[in-house]
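Visitor: Requesting a structural model of the entry that follows:
(2 chains)
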There are 2 protein chains.
Amino acid sequence: MSDQNTNGRVIEDETEDDYALRNQVVAAAVAAAEMSDRTLLEEVLEPLHPADIADLLEQVDADDRSAILLLAGDLIDGEILSEIDEDIRDEVIETLEPEVLADAVRELESDDVVDIVEDLDQPQQEAILDALDMVDRVAVEQALNYPEFSAGRLMQREVVIAPAHWAVGDAIDHLRAQPDLPEQFYHIVLVDPRHQPVAYVTLGRLMSSRREVQLADITEDSFRTFQVDEDEGDIAYAFNQYHLISAPVVDEDGRLVGVITIDDAMSVLDEEHEEDVLRLGGVGDESLSNSTLEIVKRRFPWLAANLLTAILASLVIALFEDALSAVVALAVLMPIVASMGGNAGTQSMTVAVRALATRDLTGSNALRVIRREGLAGLLNGGIFAVVMGVIGVIWFGSPMIGVVIAVAMVVNLLVAGLAGVLVPLALDKAGVDPALASGTFVTTVTDVVGFFAFLGLATMVLL
Amino acid sequence: MSDQNTNGRVIEDETEDDYALRNQVVAAAVAAAEMSDRTLLEEVLEPLHPADIADLLEQVDADDRSAILLLAGDLIDGEILSEIDEDIRDEVIETLEPEVLADAVRELESDDVVDIVEDLDQPQQEAILDALDMVDRVAVEQALNYPEFSAGRLMQREVVIAPAHWAVGDAIDHLRAQPDLPEQFYHIVLVDPRHQPVAYVTLGRLMSSRREVQLADITEDSFRTFQVDEDEGDIAYAFNQYHLISAPVVDEDGRLVGVITIDDAMSVLDEEHEEDVLRLGGVGDESLSNSTLEIVKRRFPWLAANLLTAILASLVIALFEDALSAVVALAVLMPIVASMGGNAGTQSMTVAVRALATRDLTGSNALRVIRREGLAGLLNGGIFAVVMGVIGVIWFGSPMIGVVIAVAMVVNLLVAGLAGVLVPLALDKAGVDPALASGTFVTTVTDVVGFFAFLGLATMVLL
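Guide: The predicted structure follows:
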């Protein structure tokens, strides 16, 4: 698709599905592997982008994957390795011949090698490090010394720099004399004599300025540095918030040690979102390539936590066995109150968790947001109280049942709105990721309050 | 923080909280506005990045916002306007003096003006268009002719191009002779005589190549074009999948009409994630700046849908009134089965919805994923069946209640796993965003199946 000669034609064909790996391609690769037809397999894989080959390997099952790798393992290059999901990367690396693996990693930039190596077991890590040149190996090992998920792991070490006192002409001559510039760079970082970055100049600005102009006079306002131990999530946030394209990374003495570019920040942003969505859904870290047993194991703790809260809710119900025996309508209606509370709580919680992640919910507006959620819970509670009150009366012919469910609805939707914002705020304050645990707490509150309010009121009013 | 002179000091101070707007700054701005102290307000706002000023205006309440704008509306420039949440942009624009608004939009690139104008009401749109030069106005109006959320709205029109037959020296001379290059550009797009883009060259590569090298010999493999009416979500996906930095946009004849850069793609990716998270949480499009009434209105439909499904579940319960009257333990235990099913269904659904969004779940692996979810449901169902069976027996002293809840648990967790993946797949096939509606359907299924299996079995076994 990226072939420039067929570009005109390709544009005509391009539809939404072109980005997703076409099902036929996957089927063809599997068929070729099953027939041990190496030529066909090569033909199928050859036109694909490395990211798409990685997706293909993720989408087939474990047997097909090893058949493909057995037949054409030598086609797996470094780029494919660095694109592949970490859950199956071990498996892929184990299948590859040592020399294939060595060739694959040698062609990568050191930050991509770090990305691959950091998730591997010790022996596999050693195998890859051994394949590298001494210079690259040192670079990778240094990066591994920085904390996981820090700027030091994310950055590339190759930075194009210039002394802050240079003119445009000096910089252009210097660049044009360099034998190997980094593959991607967008800025020239100006450094002071202590090797501390002080500003940057875009390549475009450099190209369009006269030779005698001082670099210091054409620097960009967007300049901002990160510390080498800073969290990658904060960096991704800053790139998105301040529209950064690249930013220098400095050590504790403020000296330049590397540069982070927007494409890396974009990947981090994407991964953080993935993590948030999965955590909000009560799933840990899992992917489609995980085996059944792996997902059973990973989902179990969340389900176990849910069982505890469900039993708690049952204990509340058990307090009112007399009322339930006397009026069976209560058993029929009680899940409605709990369900509406759970739903309203999840709404309020989703907004709060998301706003905490984007730093829109802060100490400055927390009180206002809490008040707003409480009010919104009361209002929607009021509307649904009337609706359910009427339904209750019609269905069971008892005005008192209508009143009981109406009052319980208002109470539970108010509590749901408040819990939905208070629980994430409290978790955030306690240093726990609100996406991770808010759901369980919020639904526990809405279940317990819902059953208690409804059955408690019923006991008072109806018995 | 981006001030180069104080950089050394700033680095020392920089902590996670520095990215979030400090609460004291917000409080100071509000205090200054309340005291009508224009000098103080200017002092507070002056060091802030436009994105942070926009966040500040979003975080304060409507009264404080209008007080700040009344006092210092002329400080609101185009960049702040384009950063501000669209929910309060109308409000801000209405407060600004016409000439302040005109100045603000005139300084923006045309794609940013499009971004502001597209969400405004007709009269406000007119006011902004009238403030623009004829050239910019035409550019904005042309962009508005492209569908919303399309490449045409996202792209910038200024592209740096070169004929495909040029050498490096020609391109450098040409660039250096240009009076105004775009603010941000990373590639020189090579075009054929029909003005169709055929390849691109990075600025870095251009700088480091000898003058006589042909541009055609130093093009990048990553080259890929987008059609002007293509969906921005697909474009953001492609940027992330293929690590693009910029990509030309072409019209239906394959002619170059603009270029999309990665920073715009990153914003789109972020917005799409936001939408997915909120939809999965049963919240429409809402933000912290919405008023109480607005969020009541926006959440109401989701709650109403939930009420219908809750009533459906209640109707199922009502089928078994006899069993519930006879054995009150059933009323106590039945929410546990439904709750566990709802949780397991949400897990399976979250993974499926996310995998559909990232195009990891496709026709190629759907069957395998469905099988995996069914099996995982059975296995976790089996584990929790044993646990709850034992609890049921101990709690109520009745082996039959233990058996009933155990069997219902297995059935519901199996159904939950399957529904969690089948519902999103079906919605996706039907062209509905799975994030939007999966939750309601899945919990309806697990509630109905949970209550039916548990109470139905109980009726057969216990009565």
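Visitor: Look up which helix or strand residue A:94 falls in, please.
Guide: Taking DSSP states H and E as the criterion, residue A:94 maps to helix A:86-95.
Visitor: Quick check: buried residues in that helix?
Guide: By 16 or more other C-beta atoms under 10 Å in any protein chain shown, the buried positions in helix A:86-95 come out as A:87, A:88, A:89, A:92, A:93, A:95. Every residue, glycine included, has its C-beta placed from N, CA and C.
Visitor: show me the contacts for residue A:26.
Guide: Residues counted as contacts of residue A:26 (C-beta atoms under 8 Å, 6 or more residues apart in numbering or on different chains) are A:56, A:59, A:60, B:362, B:364, B:365.
Visitor: still on that earlier bit, nearest to residue B:457, of the buried residues of helix A:86-95?
Guide: Of all those, residue A:87 has the smallest distance to residue B:457: 37.8 Å, by C-beta to C-beta.
Visitor: Please give me every residue in contact with the closest one.
Guide: Taking C-beta under 8 Å, 6+ apart, we find residue A:87 in contact with A:286, A:287, A:289, A:290, A:294.
Visitor: what's the helix or strand for residue A:356?
Guide: Per DSSP H and E: helix A:329-357 holds residue A:356.
Visitor: packing partners for whichever helix or strand comes after that helix?
Guide: Next in sequence after helix A:329-357, counting helices and strands by DSSP H and E, comes helix A:366-396. Counting contacts by 3 or more C-beta pairs under 8 Å, 6 or more residues apart in numbering or on different chains; DSSP states H and E, helix A:366-396 is packed against helix A:329-357, helix A:399-429, helix B:292-318.
Visitor: Pull the distance from helix A:366-396 to the chain's centre.
Guide: Distance of helix A:366-396 from the chain centroid (C-alpha atoms, centre = their mean, to the nearest Å) equals 34 Å.
Visitor: avg pLDDT for it?
Guide: For helix A:366-396, the mean pLDDT works out to 96.
Visitor: Show me which positions of it end up buried.
Guide: Under the neighbour-count criterion of 16+ other C-beta under 10 Å, helix A:366-396 has A:366, A:369-370, A:372-385, A:387-389, A:391-393, A:395-396 buried.
Visitor: try stretch A:318-335
Guide: Neighbour-count burial for stretch A:318-335, counted by 16+ other C-beta under 10 Å, picks out A:318, A:320, A:323-335.
Visitor: what does stretch A:132-143 give?
Guide: For stretch A:132-143, a neighbour-count test (16+ other C-beta under 10 Å) marks A:132, A:136, A:137, A:139, A:140, A:143 as buried.
Visitor: Of the contacts of residue A:87, which count as buried by neighbour count?
Guide: Buried among the contacts of residue A:87 by 16+ other C-beta under 10 Å: A:286, A:287, A:289, A:290.
Visitor: would a markdown table of those residues with distance to chain B and pLDDT be doable?
Guide: Shown next, in a markdown table, are these (distance: C-beta to the nearest C-beta, whole Å; pLDDT from 0 to 100):
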| residue | distance to chain B | pLDDT |
| --- | --- | --- |
| A:286 | 6 | 89 |
| A:287 | 7 | 88 |
| A:289 | 9 | 86 |
| A:290 | 8 | 89 |
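Visitor: residues making contact with the one helix or strand residue A:136 maps to?
Guide: Using DSSP H and E, residue A:136 falls within helix A:134-145. Residues from elsewhere that reach helix A:134-145 (C-beta under 8 Å, 6+ apart): A:106, A:110, A:111, A:113, A:114, A:117, A:118, A:129, A:132, A:152, A:153, A:157.
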